[in-house]
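Asks: Any chance you can model this:
(one chain, ligands or ions: 1)
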Amino acid sequence: MIVKVVNKSKHQLPEYQTESSAGLDLRANIEDKITLKPLQRALVPTGLFMELAQGHEAQIRPRSGLAYKHGITVLNSPGTIDADYRGEIKILLVNLSEEEFVIEDGERVAQMVIAKHEQIQWLPVDTLEDSTRSAGGFGSTGKK
Ligand SMILES: O=c1ccn([C@H]2C[C@H](O)[C@@H](COP(=O)(O)OP(=O)(O)OP(=O)(O)O)O2)c(=O)[nH]1
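Replies: Next up is the predicted model:
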């Protein structure tokens, strides 16, 4: 799939790490380092602008290594980039660790997955067809 992109960052366009991976690593495009204290959040610019085809979205997700080693995650995960959005893609990071974390320019801070989504039409009805689960949820099936 071809996606139009304007790259105003100092960095190369994100590339897949392997042909079979879904996530494109996104790099911070910043003039000065950003220091995230515990529980602090920051909107990190990427310098990337995209034009997605209708019926598609981009999801901004955390990188598992940053989350595991440093408690750095995407606060609104998965962030949603709409097909009609023409602004700069930004990443909302939060530091869930007890130590401060420094984001450097060019650092791969999140990953982006482009996905198709359905376009639905509501069909208002009075009742829904029953199912085995019915209204059970939130642990209704137990632990094991
Ligand atoms: O992690 C994100 C999430 C969103 N956006 C941009 C693209 C998206 O299309 C737009 C709006 O996002 P969203 O719909 O999540 O924001 P909202 O809080 O509902 O605001 P809006 O009223 O602008 O829709 O902001 C980002 O750059 N990064």
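Asks: Indicate the residue of this structure located nearest to the ligand.
Replies: Taking C-beta to the nearest ligand atom as the measure, the point where the chain comes nearest the ligand is Gly79, at 2.2 Å. The way it works is simple: take the backbone N, C-alpha and C, and place the C-beta from them, glycine included.
Asks: which strand is the longest one in the protein?
Replies: In terms of residue count, the longest strand belonging to the chain (DSSP state E) is strand 41-51.
Asks: Quick check: which helices or strands does that one pack against?
Replies: Taking 3 or more C-beta pairs under 8 Å, 6 or more residues apart in numbering; DSSP states H and E as the contact definition, the neighbouring helices and strands of strand 41-51 are strand 4-7, strand 24-27, strand 34-36, strand 88-95.
Asks: so how far is the third one from its chain's centroid?
Replies: Pointing back at strand 34-36 there. If you compare the mean C-alpha spot of strand 34-36 with that of the full chain, they lie 19 Å apart, counting by C-alpha atoms, centre = their mean, to the nearest Å.
Asks: surely His11 meets Asp25?
Replies: No. The pair His11 and Asp25 does not pass the contact test of C-beta atoms under 8 Å, sitting 10.4 Å apart.
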